[in-house]
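Asker: Sequence and predicted structure below; questions after.
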Amino acid sequence: MIVAVLHGVNLNLLGRRDPQHYGTLSLQGLETQIYAWARELGMDARCHQTNHEGEFVEHIQEAQEWASAVILNPGAWTHYAYSIRDAVDYLTIPAVEVHLSDIQQRERFRRFSVLEEVAEHRVVGKGPDGYRLALEWIRSTKENDAR
């Protein structure tokens, strides 16, 4: 099972940007951990980060062709990028929205997610472990589908 893991705008700054909200782990460190968790669960993760909304949308659309599921953290796009919402809504594979910080406890503008109604599952405020929880949810969902 292959899972696309898509990191959005400004996530390339992990480890340097607002460590009280996002922690001190760099994006490279986070992806290394995601790859390890995926292997432990018998999965293959393919990670990608971009600061370009159209490229993010293209990766969501392309994942439909080769991935069993998508984990996405759009960053600030979460709150207003309906193009990303539409791309996720198009998917016929599971999509899991992940946020390192608890967006419900942040600034008012961060509390709304355009993905909330189209992602099949959400993990917020669990730090890097949120990606592990998303992978576990995908695996259990796929196992239940196979039964």
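Answerer: Yep, it's here. Numbering: from 1, shown residues only.
Asker: Distance from the chain centre to the lengthiest helix in the chain, please.
Answerer: Ranked by residue count under DSSP state H, the longest helix found in the chain is helix 129-146. Put simply, helix 129-146 sits 13 Å off its chain's centre (C-alpha atoms, centre = their mean, to the nearest Å).
Asker: again, but for stretch 31-47
Answerer: Mean-position distance between stretch 31-47 and its chain equals 13 Å (C-alpha atoms, centre = their mean).
Asker: tell me the mean pLDDT for that stretch?
Answerer: Stretch 31-47 shows a mean pLDDT of 98.
Asker: next one: stretch 138-147
Answerer: For stretch 138-147, the mean pLDDT works out to 79.
Asker: Repeat that for stretch 6-18.
Answerer: Rounded mean pLDDT across stretch 6-18 is 90.
Asker: ok now that stretch, how far from the chain's centre?
Answerer: Per C-alpha atoms, centre = their mean, the centroid offset for stretch 6-18 relative to its chain is 12 Å.
Asker: Just the CA atoms of that stretch, as CSV, please.
Answerer: Extracted as CSV, the C-alpha positions of stretch 6-18 are listed here (Å, rounded to 0.1, in the frame of the first residue of the first chain):
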residue,chain,number,x,y,z
LEU,A,6,1.7,16.1,1.0
HIS,A,7,3.1,19.0,3.0
GLY,A,8,1.9,22.5,2.0
VAL,A,9,2.9,26.1,2.3
ASN,A,10,5.7,27.0,4.8
LEU,A,11,6.1,23.4,6.1
ASN,A,12,9.6,23.6,4.6
LEU,A,13,10.3,25.9,7.6
LEU,A,14,9.6,23.2,10.2
GLY,A,15,12.1,23.3,13.1
ARG,A,16,12.7,27.0,12.6
ARG,A,17,9.2,28.5,12.5
ASP,A,18,7.1,28.9,15.7
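Asker: Fine by me, thanks again.
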